[in-house]
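Q: Need a 3D model of the following:
(one chain, ligands or ions: 1)
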Amino acid sequence: MAINIEALRIRLEDERQRLSSELAQLSLLQSYGEGIRSEDGGHGTHMAEDSSETYEKEQRLSLERNLRAILGDVERALHRVETGAFGRCESCRQPIGEERLDALPYASFCFSCTERHTRHRPA
Ligand SMILES: [Zn+2]
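A: Numbers count the residues shown, from 1 in each chain. This is a model prediction of the structure:
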């Protein structure tokens, strides 16, 4: 197999580092925001800002969910590197393919399994 696992492992570790620091920043932002809100004491002087604050919080939560999901994929991929299972689809055990791994080093499934899962997932 022509896949350079070592190069992909380095990319995965960089990605894990990047995701972890983004998540750390997000949780810092979150506690900062909550500190401000509790100091405010809910006097209702910021009615106009409340809805945008809620919106921002939702954005942050969905960003955090995404980052955590990708981080989970990255960690599973790194685990597969260690166990020698890297590059194989978690569903059908077929090689994921060099091109796909190059584009998405933490891909857990081959292209056709991903297609199948996406189609079957309820909207
Ligand atoms: Zn597959």
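
Q: Spatially central residue in this protein, please.
A: Centroid-nearest residue in the chain, with Cα atoms, centre = their mean: residue 70, separated by 2.2 Å.

Q: Near the ion, which residues of this structure are found?
A: The chain comes close to the ion at residues 89, 91-92, 110, 113, as judged by Cβ under 5 Å from the ion. Quick note: C-beta positions are derived from backbone N, CA and C, even for glycine.

Q: Show me the two of the residues you listed that sit farthest apart.
A: Greatest spacing in the residues of the chain next to the ion, by Cβ to Cβ: 91 and 110 (7.6 Å).

Q: The two: which is more packed in?
A: With neighbours defined as other Cβ atoms under 10 Å, residue 91 and residue 110 compare such that residue 110 has more, 21 against 14.

Q: and the closest residue to that one other than its chain neighbours, backbone torsions?
A: Distance criterion Cβ to Cβ, 6 or more residues apart in numbering; nearest residue to residue 110, sequence neighbours excluded, is residue 89 at 4.0 Å. Backbone torsions for residue 89, taken as degrees, to the nearest 10, come to phi -60, psi 130.

Q: Would you mind confirming that residue 89 is in contact with residue 113?
A: Yes: with contact defined as Cβ atoms under 8 Å, residue 89 reaches residue 113; the gap is 5.5 Å.

Q: what's the neighbour count on the residue nearest to residue 110?
A: 20.

Q: which ones are touching it?
A: 95-96, 108-110, 113 (Cβ atoms under 8 Å, 6 or more residues apart in numbering).
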